[in-house]
Every structure is written in structure tokens, then in C-alpha cells.
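Enquirer: build me a model:
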Amino acid sequence: MMMTLLILKSRIKNLYEKHYHILRGILKTLIMFGILVIITEQLNYNDFFGQYFVLAVLAVLCGITPDVVSTVITVLVAATEIASVSLLMSAVILVVLIIYLLLFGRLEKRQCEIILLIPLLSAIHIGYTVPVVAALFLSPVMIPAIIMGVVMQYFVAGVMNYSTAGAASVPEGNAWNALQYLSDSVLQNKMLLVTVIAYCFGFLCIYFIRRGKIRHGSQIGILVGAIVIMAIELLSNILWDLNLNLIFLTLQVVLSMAIAYVVQFFRLTLDYRGTRKLQFEDDEYYYYVTAIPKFKVAVIDKTVTRIVPKEEDSFDLKEELEKVLEEEAKEKKAEFRE
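Expert: Numbers count the residues shown, from 1 in each chain. Predicted coordinates for the structure are as follows:
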């Protein structure tokens, strides 16, 4: 089974590398179309972005442009949808995001992806995937981005709640009341604090286990991190009576674990049976190195062609040799007689 998966991985990787530019553009277009659909389905307040043709055009534009364009378009579409509910809410969310990027933007280039993915994947109930997968490949410097992503998730939830329940109770033209409703729904939400703690502790557990001297550390880290996240949320549910759906929570965490295992398999698979420990030194240091090879299967498509000689071209090697020897003997006899 493992060998079959490794061969499949190698074939997919070789195909992707062979047609890198075409496949990357197609995949990026499909992913961006899915992201824009999620945004417009959750924040369905602007009729212009409610048209799939418009979303398809924007997705194609993202597919043929640099990644930063995709990030900007995602933010602008979300901000425009929120502005249809409250212009002040949209402006405040954008200002908060810009202030964060000015303070922490230099720490890691992928922070914007983490910030946007948390609310997006939380909308389809797999938000736990973000801290779990991020801990496999990134450092704790991403924790501020995770916190900001959770805050954005609850900002969006506050806008949705306001549009359905709060707007009817807020006097028309009083934009400050809408902003007050948003801040109260975020700052007084205990689930926001619980989610931040669970994501951060889960991230750190996976990171330190992965970095430790443990065989299959990444796989063990995913399991331990998922258990830590669930334990924190279950404990908070008991202490604060959050009315969490435990079955639904378990399914979300298990699905996020499965996605993380798939990503880990395609990103990095180590063969611990081939572990080697090396020691060497220079003028100042003595080095201890543990080398673990990656699982790698060379997939070669072989074509075997059989060449069957025709009957008229076939010959007996023994007979041919005897003929040659007889001719040489005759020539020698002729030379001797002369």
C-alpha cells in the first residue's frame, strides 16, 4: 500500500513539474474561484459579486497574475461585501488589517495567507486545518498571524450577525451604533478567546514535537496537536458553558487531521530505516549530524520491444563457423602447394 502511494505521489509530482506553468495557473484559478464563492455565499450583500461570471473573470485574472494580486482581490471583494452592510465596519476592518501588517508584516511573507485562510476555511468548518498544517512547515513567528486570522473570523461573524439581527434594532443613519455592535460582538465573545488559545497551543505542540528528536515526529505532532485543541475547547465548554456541539467539533478536528496527513505525505515523507548518524569536526566545532533520507521512488515508464528475426534471415552459427574454417583450410593448402 505504501509503495503504491509513493508511486502515485511520484507520478503526480513528475506531471506537475513537467507542466508546471499550465497546471499552476489552472489550479490557482480553481482555488481562487472557490475562495471567492465562499466569500460571496457567506457575505451575500452585493449583487455585482453574486454573479458567477464576475467571480470566474476575477479567478482567471488571479490565475495569470502574481500571488499578491490574488490576496488584494480577495480582501477587496470581502471589504466591498461588508461595505454593503456598513461602510464604517468595512473601513475599520481594513484599518485593523493594515495596522497589523505594518507592525508584523516583515516577520513572515505568508502571514496574509494565514490571516485569510482561517476565516475562509472556518466558513466551511475546517478552520482547524490552518494551525495544524502551518505548524508542520512554519515557525512560531506565525502565531500573531493566527491570532489575527481568528480575530478576522469573528469580525466577519459579527458583520453577519449584525446584518440579520442587529440591523433591525439599530436606528437608521447611526453608523456608530453599528460599529459598537461589531466591537461588542467580538470583544465579549468568549469563543474567540478559546479559539485563539486552542490554535496557539495546538500550533506550539505540533511545532516542538516536529522539531524534536522523535521518529515520525510530524505524524505524532498532528495527532497530539489535534488532541490539545479538542481538550482546550472541551474544557472551556465545561467551564464557560459554550454549548458546543461535541460530535460536530470532533468531526471537524478529524477532518482537519486527515487533510494535514495528506499535505504532510505529499510535502515530506521520511524513511527512518535509512537513518545515519555522522560526526565530523573543524578547527572550532565538533559536529553531530543525523541524516534521514526521504522516501523517493523513481518511476520510469519502460517500453519493451521484441524483435523476432524472420525465418529466411535465421542461420545456424555452428554451420557458419565450419564453413569459414573450411575455406581458411583450403586457402592454406593452396598456398602450401604453391
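Enquirer: and what about Leu278, helix, strand or coil?
Expert: With DSSP: H, G, I helix; E, B strand; the rest coil as the basis, Leu278 sits in strand.
Enquirer: give me the secondary structure label for Arg106.
Expert: Quick answer, by three-state DSSP: Arg106 is coil.
Enquirer: beyond the lowest-mean-pLDDT helix or strand in the chain, next helix or strand please.
Expert: Within the chain, no helix or strand scores below helix 167-169, which has a mean of 53 by mean pLDDT, DSSP states H and E. Scanning forward in sequence from helix 167-169 by DSSP states H and E, the next helix or strand is helix 175-187.
Enquirer: confidence score at the residue nearest the centre of the chain?
Expert: The chain has Val263 as the residue nearest its centroid, 6.2 Å off, counting by Cα atoms, centre = their mean. Looking at Val263, its pLDDT stands at 89.
Enquirer: please apply the same query to His19.
Expert: If you check His19, the pLDDT there is 88.
Enquirer: relative to Arg215, how far out is it?
Expert: To Arg215, His19 is 36 Å away according to Cβ to Cβ, to the nearest Å. All C-beta atoms are positioned from the backbone trio N, CA, C, and that covers glycine.
Enquirer: report the secondary structure element holding Thr290.
Expert: Going by DSSP H and E, Thr290 is in strand 286-291.
Enquirer: and if you look at Ala231?
Expert: Counting by DSSP H and E, Ala231 is found in helix 217-240.
Enquirer: that helix packs against which elements?
Expert: Contact analysis of helix 217-240 by 3 or more Cβ pairs under 8 Å, 6 or more residues apart in numbering; DSSP states H and E lists helix 129-137, helix 190-211, helix 246-267 as its packing neighbours.
Enquirer: what are the buried residues along the last one?
Expert: Meaning helix 246-267. Leu249, Gln252, Val253, Ser256, Met257, Ile259, Ala260, Tyr261, Val263, Gln264 (16 or more other Cβ atoms under 10 Å).
Enquirer: turn the residues you listed into JSON lines, columns for distance to Ala145.
Expert: Output for the buried residues of helix 246-267, formatted as JSON lines (distance: Cβ to Cβ, whole Å):
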{"residue": "Leu249", "distance to Ala145": "23"}
{"residue": "Gln252", "distance to Ala145": "21"}
{"residue": "Val253", "distance to Ala145": "21"}
{"residue": "Ser256", "distance to Ala145": "18"}
{"residue": "Met257", "distance to Ala145": "21"}
{"residue": "Ile259", "distance to Ala145": "19"}
{"residue": "Ala260", "distance to Ala145": "18"}
{"residue": "Tyr261", "distance to Ala145": "23"}
{"residue": "Val263", "distance to Ala145": "18"}
{"residue": "Gln264", "distance to Ala145": "20"}
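Enquirer: returning to that earlier point: chain neighbours aside, what residue packs nearest to the residue nearest to the centre of the chain?
Expert: Excluding its sequence neighbours, the residue lying closest to Val263 (Cβ to Cβ, 6 or more residues apart in numbering) is Val133, at 5.4 Å.
Enquirer: do I have it right that that neighbour meets Tyr261?
Expert: No. Counting by Cβ atoms under 8 Å, Val133 does not reach Tyr261; the two are 10.0 Å apart.
Enquirer: pLDDT weak spots in the stretch 201-338 of the chain?
Expert: 268-275, 292, 294-322, 324-325, 328-329, 332-338 (pLDDT under 70).
Enquirer: identify the residues contacting Ile64.
Expert: Gly25 (Cβ atoms under 8 Å, 6 or more residues apart in numbering).
Enquirer: distance of it from Lys28?
Expert: Applying Cβ to Cβ to Ile64 and Lys28 gives a distance of 9 Å.
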